[in-house]
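1. I need the structure of the sequence given here:
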Amino acid sequence: YILRELERNGPLLSRDFEHELMPAGEAHRWWGGRQVRLMLDILAMRGEIAVAGRVGKVRVWDLPERVWPETETMPWREAERELERRRRRRLGVWKERGEWHANPEISDEPVPERAVLLSPFDRLVHDRARAEALFDFHYRLEMYVPKAKREYGYYVLPLLVGDEIVGRAEPRFDRKARELELLGAWGDTSRLDEAVSELGAWLRSQT
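-> Residues are numbered from 1 along each chain as shown. So this is what the prediction gives:
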């Protein structure tokens, strides 16, 4: 239904599908608005639909051939290899084990000395084993660990300063007061105030 409707009337918003998938007056547990959006996300991941734009924060959907420029299709194996090359280039390493040697004089791009708190799902730390190998930083998200067994806290974030992960902190945002509280901090926290201030400003701008 979604593909047929997009072909006939696209581009469309997610709510444009709900009148058919969820008849008026019915709140079916599967065909609710959230499930419609989930179906759209799944179709997008499969490459069957694409985001054509936005109305405010709401995505506008259409068929991919109307959104993406015409290009030659890359063979699947070649696409996998290219994705792997891009991933490794962004990570800056080509192997995960052993010793690495780098000459800092080769690069003319200085490392930003910014202090930031990283999301637990940031690409720099989402692979916990690699983060430990690269930064000598053991990190686990303990939100599913019983409180009595936690080493640090419920939602602790790594503190990145320049190109080193130097510590960790547990912030909590009070939405009513619109303030960022600090529940705990560990390691080198000499520049933690900068990171907390930046994170707090960003959270306030989103609420």
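2. Against which helices or strands is the helix or strand encompassing residue 173 packed?
-> When secondary structure is defined using DSSP states H and E, the element that contains residue 173 is strand 164-174. Packing partners of strand 164-174 (3 or more CB pairs under 8 Å, 6 or more residues apart in numbering; DSSP states H and E): helix 128-135, strand 157-161, strand 179-187, helix 192-206. Where C-beta positions appear, they are placed from N, C-alpha and C, glycine not excepted.
3. per-residue confidence for the nearest residue to residue 9 once chain neighbours are set aside?
-> Excluding its sequence neighbours, the residue lying closest to residue 9 (CB to CB, 6 or more residues apart in numbering) is residue 16, at 7.8 Å. pLDDT recorded at residue 16 is 85.
4. and the gap between residue 16 and residue 53?
-> Residue 16 is 14 Å from residue 53, where distance means CB to CB, to the nearest Å.
5. the more surrounded of these two?
-> More neighbours sit around residue 16 than around the other of residue 16 and residue 53, counting by other CB atoms under 10 Å; the figures are 17 against 11.
6. Assign a three-state SS to that one, would you?
-> Using DSSP: H, G, I helix; E, B strand; the rest coil as the criterion, the local structure at residue 16 reads helix.
7. Residue 5 versus that one, what's the distance?
-> Per CB to CB, residue 16 is found 8 Å from residue 5.
8. residues contacting residue 179?
-> 173, 200 (CB atoms under 8 Å, 6 or more residues apart in numbering).
9. Tell me, how many residues neighbour residue 132?
-> Number of residues near residue 132 (other CB under 10 Å) recorded here: 14.
10. Surely it touches residue 138?
-> Yes. Counting by CB atoms under 8 Å, a contact exists between residue 132 and residue 138, whose distance comes to 5.4 Å.
11. which residues do these two both contact?
-> Common neighbours of residue 132 and residue 138, counting by CB under 8 Å, 6+ apart, are absent.
12. Give the residue spans of this protein that score low on pLDDT.
-> Per-residue confidence for the chain (pLDDT under 70) gives these ranges: 19-33, 91-100, 107-108, 207.
13. Domain map for it?
-> Structurally, the chain divides into domains by automatic domain parsing as follows: 2-67, 115-206.
14. Compare those domains and give me the one nearest residue 78.
-> Proximity of those to residue 78 was assessed by CB to CB; the nearest stretch is domain 2-67, lying at 16.2 Å.
15. measure that closest one end to end?
-> 16 Å (CA to CA, to the nearest Å).
16. ok, back up a step: for the helices and strands packed on strand 164-174, which one ends up most surrounded?
-> Between the helices and strands packed on strand 164-174, strand 157-161 has the highest mean count of neighbours, a mean of 23, where neighbours are mean count of other CB atoms under 10 Å.
17. Direction included, what does it pair up with?
-> Its sheet considered, strand 157-161 pairs with strand 115-117 (antiparallel), strand 164-174 (antiparallel) by DSSP bridges.
18. want to throw those strands into TSV with mean neighbour count and distance to residue 187?
-> As requested, the strands paired with strand 157-161 are arranged in TSV below (neighbours: other CB atoms under 10 Å; distance: least, CB to CB, whole Å):
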stretch	mean neighbour count	distance to residue 187
strand 115-117	20	12
strand 164-174	18	3
